[in-house]
Every structure is written in structure tokens, then in C-alpha cells.
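Student: no sequence on this one, just coordinates:
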């Protein structure tokens, strides 16, 4: 096929977005990522054709600087439905033209958030746009900050930040009671808050640690000091670690200064560069690039403790930098490092003597390393081939420090794995995060089961377990965070339950009542998890009793195996024609109660208590 006349044909031609006029099918615009003129800002170019794409002409003499160095990420262009001289070009910023692309201005505008947010301006990195075909003033814009809607062509925007679509890279839990979750989010900073169930009616109360000045930045890995609760580490891409003094609300940039080292090779980091606090010394940090760095004074000074580990004995595994690093909790100085192309390294002396243990591993990105808490020589890894169009499931176990590897993917579905974690209490229980969900194994990887039926089919990027509450917290890349309590799983595992069973209940936490009229503060309302096990699918009856009097009951369809009903503690809902009526819901009161699960073969009782809000 003859190439289109007028479009660049050199090797620097990248992603192209197209937009066809709504009124003239022969008029089409192309937004091109053009690298032929060099790696520099200004690589975005708009071309127009009026003959159906046979001939093209660049529309603008001046540089359109909306791509920076990441034009491959964007290149969407849109034409206004009623005026085909009005176009929008999407990039780092949103460019707008009313003269067919001859000149452009940038759209910013005033931003009004649905829920409170410290973000001031229209977020950067624009991915999708919708123009109302009946009203071109009405725009809906999707970018790395979420969904924005304007009714005056971008002068004012409503930011719908009540949609749980956080793309988490990594999470960490602190030692507070209740624990706080910290997580790095794709281009929306590092965020932190309590593990309360999300209620879309109210703000979640989470806070932000800004990475950059453009309403967020890429938050990646967070580490909480287990001894000094005032110290927190958070980071941006490529190992940009900052040490936060929470009391002073100031942070210090502590990534190693590359000019301080004469290493022979350039220092490289992956976008999500791994680092961690040593489990043996809270002042010791390790950071992984193509070299491994160590600090014994919380990042103020660093030493290099490895050679360049981006190449080994197999040229197919030549890598850019570390994908994961870890230290054994059982032995100080037993360190592991895995690269983005399948090189696996180990040192048992915490010095520059690293041994490659990559034989038997695929040429894939080592995303997760989990040294065993029960056996020093045992280690688990999860690998992803997604960067290389390889969608295999790669989870491995070694019993000898990586000398030999055994695949434990077994019956997992054929999809990419991101993380594997060993349970902190039980040697044989493992958890895995895959491209479409979370999984559990109770036999050390011989077989796996999907963990929870109400998890969305979304990439699980990280897993953490709070030892005190026994909560499993799951980070997804696109649907925010989820949690489940593992106590029923542990009970089933240790007791070998084979018949219908109702698990112990936590305390029911009652809501707060407002002072003046005694109405419920629904922001404080929490649900009570009622977990049970049945041997076959069936309809069951769930009852709440006080001194053998039934206060509330319902019927639910139970699946075979684990089930959980989350009760809102409302015993009765009432209505009234009174214009000032407010007490629509009657909640449980403080005291002792009983739950009953009535199955086809048994009635299962359990006592619990309701405690006032505190």
C-alpha cells in the first residue's frame, strides 16, 4: 500500500490517534508522536487530511508541547460534533484549537471536587474525552486524576473523586491499633488511612503525601518504621525515596547521589524501584537498582554492596535493574534480588559476593520475593512476563536458597502473577495476587483456590497481613483496596471443619448518635461480619436474638464453603408522614446477643456483644 503523502515516514514515527469530522467523512485529523526530530519536548504533531487520508498537511507551525517524553501514552484527538475546526489533542496537558489546528491553547480551569481534596488544578495526563453531541460545552474528561466533567468547555470542572479506581503499586501497614494502610498510587501520590469499609456517601478521610506539584505524582513503595512511628518512607519512580518526619510534616530526599559513586557502569532503576527497611535493624535500608545500595543511618549515607547485577550467565536475561529485593527475617544479611528479566541473585554474607541462582527460571520480571519465616533456605518468587507479551503464570519455590526451583503455579488460571506471600502464622498457607484476582493455597502451592467471590476481576499488585487483627489487605491496580479477615480461614485450617459451622463474631460496634435529637450519625455506622461454612449450597436463615426473642431475620442463598453476611445492625426500618421525622432506622443497642444460622441440617448459634461508639 502506498504510504500517505505528507505524514512523517522516519523511524521516529510513533503512536497515532485519529479523529474524523462528524459532518465531512473526508476530513480527518491525526495526532502523531513524532520522535524523528529528536528526543525532546514538542514531539506532538497534528496533521489534517481533507481527502480521506490520501494527503496530509501539518496544521501548526509552532511546537505542540503536550507529550514531553511519553507520547506513546497518549495521542488521542477529538473533533467537536458541530464544528470540525474545533479539536482537542490529549497529552500531558489538554490542547484546544478552534481554527483547525493552526493555533492551540491549553485548557485548565477551576476544579471543584465532589469530596474534599488537596489537589488544586486539573490533573495532568489525559487519556479519554467525550463531547456531548447536542451541547459542545459539555465535556467529560478522564485522566490520571480520575473523571472530570465541565459544562462550560473547561472553564470549570466537577471532579468525581468518589469513584474507587486507585491504581496501587504497593502497600504497607504500620503497627498502630487500628493499623493504617499506606500505598503508592499511579500518578496520585502516596495515600494513607484506616481500613474502614468504603461508604460512597461520605469522604473516606484518607490523606495524601504529594510526590510532585501537579496534584499527585507517581507514588510507588512505602515503608513504615516499626520502632519510630514518626518516621515514614515514601517514594516516586526510579527510587526517589523521601524520609518523612510526620511530626514536623517535612521530608528529606534520600535516594543515593549517583555522583558519589565511581562504579564503572551507569546506575539504573526500574520505574517501581524496590527498597525496604531491614527486619533486623529499623535504621537500615536497602535499595535495588542494577546495583544494591545499603544505608545504616536511615538513608543519609549509602554504600554499594554488589557489583552490577543486571547481567549474568545467560545473555537472554540481561536486565535493566532490580524488580524485587528482600531480606530473610530468620537470618540477618541473607539478601535476595531479582531483576526485570529473570536474573535471581543471593548473598548470605551481606557483602559484594552475590551468587546467581537463575537456572530454571523464565526470562520474566521478578515482581515479588518472599523469604520464608519458617525455614531459612526456603524462598518464594512471583514473576510477570507481561512486559514481553508473555501471559504465563510464574510462581516458584526454592528450598535451597534458589539453587533449584519448583513451579507452584499448579491449578492457577493462565494469567500473569504479580505477588506471592507466605502466611505469618502457618507454614503451608500462601497467598498470590494475579492479573484477575487473589488466590490462597493451604498446601504450599500444590493447589490454589480463588479467595473471595466479591473481588473484582482486576490485577492484584500487592498483599499484606496485619498480624494483630489478622486482616488480609489486597491492593489492586485499578479498583482500590480490599480487605478480609482471615480468622475463619485459620479456624477452618486448624480444626479441619467438615460440617456446617458458624465462626466466632467480633464485637458489633454501634454508631454514634448526635447530641441534640438523638439521630444516627451514619458516617460512624459499621457492619458486623457474620461468617459461616456450609457443606452444600442452600438457602439459610439468619437470625439475631436477644434472650430468645428474634429481633431480626433474613434468608440468604449460601454457597458451598465459606460465606459471609455483613449486617448493618439495623433491627427495624420505620416510616412516617411527619414532616420532621428522622428516626427511620432502629439500630441494635448495647448488650449481649445471639446469632443463629439455620441450615437444612442444623441450627448454629453464636454469642456476641454490641459495644457503644468510641
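Tutor: Looks like it came in fine. Please read all numbers here as calculations on a predicted model, not as lab measurements.
Student: report the central residue of this protein.
Tutor: Centroid check for the chain by Cα atoms, centre = their mean gives residue 168 as the closest residue, at 1.8 Å.
Student: for the helix or strand that that one is a member of, packing partners?
Tutor: Element membership for residue 168, per DSSP states H and E: strand 168-173. With contacts taken as 3 or more Cβ pairs under 8 Å, 6 or more residues apart in numbering; DSSP states H and E, strand 168-173 sits against strand 180-185, strand 222-224, strand 460-466, strand 471-476. Using the backbone N, CA and C atoms, a C-beta is placed for each residue, glycine as well.
Student: re earlier: would you check that the residue nearest to the centre of the chain makes contact with residue 473?
Tutor: No - counting by Cβ atoms under 8 Å, residue 168 does not reach residue 473; the two are 10.2 Å apart.
Student: which neighbours do those two share?
Tutor: Shared contacts of residue 168 and residue 473 (Cβ atoms under 8 Å, 6 or more residues apart in numbering): residue 481.
Student: report how many residues lie close to residue 281.
Tutor: Neighbours of residue 281 under the rule other Cβ atoms under 10 Å: 11.
Student: do you know how far it is from residue 254?
Tutor: The gap separating residue 281 from residue 254 is 16 Å, by Cβ to Cβ, to the nearest Å.
Student: same thing with residue 403?
Tutor: From residue 403 to residue 254 the distance is 35 Å (Cβ to Cβ).
Student: which one's more surrounded, the two?
Tutor: Taking neighbours as other Cβ under 10 Å, residue 403 and residue 254 compare with residue 254 leading, 23 against 13.
Student: distance of the closest residue to the more buried one other than its chain neighbours relative to residue 207?
Tutor: Of all residues not flanking residue 254 in the chain, residue 299 sits nearest, at 3.1 Å (Cβ to Cβ, 6 or more residues apart in numbering). Noted for residue 299: a distance of 22 Å to residue 207, by Cβ to Cβ.
Student: who has more neighbours out of those two?
Tutor: residue 299 (22 against 12).
Student: and the more buried one, what's its pLDDT?
Tutor: We note a pLDDT of 98 for residue 299 in this prediction.
Student: next: residue 69.
Tutor: With respect to pLDDT, residue 69 scores 79.
Student: same question for residue 9.
Tutor: Residue 9 is assigned a pLDDT of 81 by the prediction.
Student: again, but for the one 3 residues further on
Tutor: Per-residue confidence (pLDDT) for residue 12: 77.
Student: can you give me the helices in the chain?
Tutor: With helices called from DSSP state H, the chain shows them at 487-495.
Student: what residue ranges in it score low on pLDDT?
Tutor: 1-3, 36-42, 350-351 (pLDDT under 70).
Student: domain parsing for it?
Tutor: Domains of the chain are assigned by automatic domain parsing as 13-159, 168-495, 501-611.
Student: which positions within stretch 233-246 qualify as buried?
Tutor: 233-244 (16 or more other Cβ atoms under 10 Å).
Student: swap in stretch 528-541?
Tutor: By 16+ other Cβ under 10 Å, the buried positions in stretch 528-541 come out as 528-534, 540.
Student: wait, which of these is closest to residue 270?
Tutor: Proximity to residue 270 was ranked across the buried residues of stretch 528-541 by Cβ to Cβ; first place goes to residue 529, at 38.4 Å.
Student: that closest one against residue 483, yeah?
Tutor: No - the pair formed by residue 529 and residue 483 falls short of the contact definition of Cβ under 8 Å, at 10.7 Å.
Student: and the contacts of stretch 273-282?
Tutor: Contacts of stretch 273-282 (Cβ under 8 Å, 6+ apart): 220-221, 223-228, 233, 235, 237-239, 241, 284-289, 296, 321-327, 329, 332.
Student: grab the nearest non-local neighbour of residue 316.
Tutor: In space, residue 316 is closest to residue 363, 5.1 Å off (Cβ to Cβ, 6+ apart).
Student: related to what we said a few turns ago, and the buried residues of stretch 528-541, which two are furthest apart?
Tutor: 528 and 534 (19.1 Å).
Student: buried sites along stretch 412-425?
Tutor: Quick answer for stretch 412-425 (16+ other Cβ under 10 Å): 412, 415-423.
Student: surely residue 453 touches residue 558?
Tutor: No - the pair residue 453 / residue 558 is not scored as a contact, 11.6 Å apart, by Cβ under 8 Å.
Student: between those two, which has more neighbouring residues?
Tutor: Remark: of residue 453 and residue 558, residue 558 carries more neighbours, 23 against 11, as counted by other Cβ under 10 Å.
Student: now do the contacts for the more buried one.
Tutor: So residue 558 contacts 532, 534, 537-540, 599 (Cβ under 8 Å, 6+ apart).
Student: next: residue 427.
Tutor: Residue 427 touches 372, 374-375, 444, counting by Cβ under 8 Å, 6+ apart.
Student: also residue 174?
Tutor: The contact partners of residue 174, by Cβ under 8 Å, 6+ apart, come to 180, 182, 224, 229.
Student: buried only: go through those for me.
Tutor: Among these, those buried by neighbour count (16+ other Cβ under 10 Å) are 180, 182, 224.
Student: about what we covered before: direction included, what does the strand holding residue 168 pair up with?
Tutor: Strand 168-173 pairs in its sheet with strand 180-185 (antiparallel), by DSSP bridges.
Student: next, the angle from the strand it pairs with to strand 460-466.
Tutor: Going by axes from the mean of the first three to the mean of the last three Cα atoms, to 10 degrees, strand 180-185 is angled at 170 degrees with respect to strand 460-466.
Student: use 42 as the first number from now on
Tutor: From this message on, residue numbering opens at 42, which makes the last subject strand 221-226.
Student: isn't residue 580 right next to residue 600, touching?
Tutor: No - judged on Cβ under 8 Å, residue 580 makes no contact with residue 600 at a distance of 11.3 Å.
Student: residue 311 reaches residue 362, doesn't it?
Tutor: Yes - the pair residue 311 / residue 362 is scored as a contact, 4.8 Å apart, by Cβ under 8 Å.
Student: give me the common contacts of the two.
Tutor: 330, 381.
Student: buried residues, stretch 516-526. List them.
Tutor: In stretch 516-526, counting by 16+ other Cβ under 10 Å, buried: 516-518, 520-526.
Student: quick one: end-to-end length of it, please.
Tutor: One end of stretch 516-526 to the other measures 15 Å (Cα to Cα, to the nearest Å).
Student: how near is residue 271 to residue 640?
Tutor: For residue 271, the distance to residue 640 equals 51 Å [Cβ to Cβ].
Student: tell me which of the two has more neighbours.
Tutor: Using other Cβ under 10 Å, the more surrounded residue of residue 271 and residue 640 is residue 640, with 21 against 10.
Student: residues contacting the nearest residue to that one once chain neighbours are set aside?
Tutor: Nearest residue to residue 640 in three dimensions, chain neighbours excluded: residue 541, at 4.7 Å (Cβ to Cβ, 6+ apart). Contacts of residue 541 were listed using Cβ under 8 Å, 6+ apart, and they are 573-576, 638, 640, 642-643, 645.
Student: likewise residue 213?
Tutor: Residue 213 neighbours (Cβ under 8 Å, 6+ apart): 222-224, 262-265, 505.
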